[in-house]
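S.K.: what would the 3D arrangement of this be:
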Amino acid sequence: MADERSVVELTVNGRPYRVEVSPRWSLADVLRHRLGLTGTHVGCEQGVCGACTVWLDGEPVRSCLLFAVQAAGHEITTVEGITPAEGLSPLQEAFHRHHALQCGYCTPGMLLTAEALLRRNPAPDEATVREALTGNLCRCTGYQFIVDAVLSMRPSGGED
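M.R.: As a prediction, the model looks like this:
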C-alpha cells in the first residue's frame, strides 16, 4: 500500500503554510524537515524529554506526539516564533545572562515552556517554576541556572 499524502494548511509563527504530508508524520518532523524550522528538536520521540515542545494555540505540547494533520486549523508557535527578528527575547536574554544553557539541545523546549508559564503567572515562585519545567529534561545544566533565569523575569527581579 502506497504512503498516501494529503495537503494540510498550517499556521506556524503567524505564517500560513500548505504542506504535503503523510498522515503518519509528526508535527516535529514536518516543522524541521518540510518547513526548515530546526529550532524544534527531536530527542526521545516519546514525549518525555520536552525537546520538541511547541505551542499549539498558545499551550505547550510535544510535537513528536502530535501528527501534523492534527495541527491543521491551529496556531503553532516554535522557538523561532518567540525570537525577535533582531536579537533575543527578554527570556532568551535571561537564559544568556544566567548561563542557563550549555549544549542548547533542550533550550527551545525550556524557553517555550517557561514563556508559557510566565504568560499565565508573571510572578511564579521557585517551586512553581521547577514544577512547570519537570517535563523538560536537560543533561547539562543541573537546572538551577535555568530556574534562576526564569525567576529573574518576575516583576520583583527574581527575589523571593
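
S.K.: excluding its backbone neighbours, what's nearest residue 11?
M.R.: residue 75 (5.2 Å; C-beta to C-beta, 6 or more residues apart in numbering). Where you see a C-beta, it was placed from the backbone N, CA and C, and this is true even at glycine.

S.K.: so what's residue 147 up against?
M.R.: Contacts of residue 147 were listed using C-beta atoms under 8 Å, 6 or more residues apart in numbering, and they are 126, 129, 130, 133.

S.K.: that one in helix, strand or coil?
M.R.: Per DSSP: H, G, I helix; E, B strand; the rest coil, the local secondary structure of residue 147 is helix.

S.K.: then residue 46?
M.R.: coil.

S.K.: pretty sure residue 153 sits against residue 93.
M.R.: No - applying C-beta atoms under 8 Å, one finds residue 153 not in contact with residue 93, separated by 9.6 Å.

S.K.: looking at these two, which is more packed in?
M.R.: Comparing residue 153 with residue 93 by other C-beta atoms under 10 Å, the one with more neighbours is residue 153, at 20 against 14.

S.K.: quick one: secondary structure of that one?
M.R.: On the three-state scheme (three-state DSSP), residue 153 is labelled coil.
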